[in-house]
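In: Just to be clear, the model below is a prediction. Sequence and coordinates:
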Amino acid sequence: MFEHEEDVMATKPQEAQVAPLSGRRAQAARNDEAILDAARRVFVDDPEAPVAAVAHAAGVGISALYRRYPGKEDLLARLCLDGLRRFVEVATSAEAVPDPWESFAAFVRGVVDADVHSLTVRLAGRFRPSAEHRALAAESGVLAGRILTRAQDAGVVRPDVTDEDLPMVYEQLTAVRLGDPERTAALRARYVELQLEGLRARPDASPLPGTAPTQDELGARWRYRG
């Protein structure tokens, strides 16, 4: 496989870099993942829930949680940061789809499937956004705008839809929430297709009534209420 001894020696630092975590570090990583998964479930169901409820749901001690997140705000901020990162991942992947309609549809489906906007609805205003939150939010807006503009320029999405309309669409879809995750996902998949059909450009479509929400209206709920 290797022609020269130098090639073998050159691989050793790379092998060391990909060595799996072990011992305490591996356990800490597992605990952190369990805490974040539990926090998302707990706070989406009840934003007023105490941090102790997250520790219980994660199966970790309260001290293990506090070592990672000194307070509830820190935990909420991390959840929303992860949500923004996921949004950027979905948008970046969708933008790479060559067909403008399929790109737009993949974007909408992906955002709803990722359930990012459940966090928006439930956790907005409960922590102070950081510079990283604001930077990711700005990046998200640019990506979403490009995907929508490309689809409208291609004549496949109705021209009276704006960037500010889409968050409302996502929130309507993520409001579908039942006790059964599989049934919830199936219903969301059904209704996202209904929404997409309404977003398609059609020559006989009536203009949308009223106006889209403003940036101030969308941003108002993110103002810290603590």
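Out: Received the coordinates, thanks.

In: Run through the helices of this protein in chain order.
Out: 5-17, 23-45, 51-58, 62-68, 72-95, 100-114, 116-123, 131-153, 165-174, 181-199, 215-220 (DSSP state H).

In: nearest to Ser206, of those helices?
Out: For the helices of the chain, the distance to Ser206 is smallest for helix 181-199, at 11.2 Å, taking Cβ to Cβ. For glycine as for every other residue, the C-beta is placed from the backbone atoms N, C-alpha and C.

In: Dump the closest one to CSV, restricted to CA.
Out: The C-alpha atoms that make up helix 181-199 are tabulated as CSV, following Å, rounded to 0.1, in the frame of the first residue of the first chain:
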residue,chain,number,x,y,z
PRO,A,181,-42.5,11.4,17.3
GLU,A,182,-43.2,9.2,14.3
ARG,A,183,-46.7,10.4,13.9
THR,A,184,-45.6,14.0,14.4
ALA,A,185,-43.0,13.6,11.6
ALA,A,186,-45.5,12.0,9.3
LEU,A,187,-48.0,14.8,9.8
ARG,A,188,-45.4,17.5,9.3
ALA,A,189,-44.3,15.8,6.1
ARG,A,190,-47.9,15.9,4.9
TYR,A,191,-48.4,19.6,5.7
VAL,A,192,-45.0,20.7,4.3
GLU,A,193,-46.1,19.5,0.9
LEU,A,194,-49.4,21.5,1.2
GLN,A,195,-47.3,24.6,2.1
LEU,A,196,-45.0,24.0,-0.8
GLU,A,197,-47.8,23.8,-3.2
GLY,A,198,-49.1,27.2,-1.9
LEU,A,199,-45.6,28.6,-2.4
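
In: what does that helix contact?
Out: The contact list for helix 181-199 (Cβ atoms under 8 Å, 6 or more residues apart in numbering) reads 104-105, 108-109, 112-113, 157-158, 161, 169, 172-174, 176-178.
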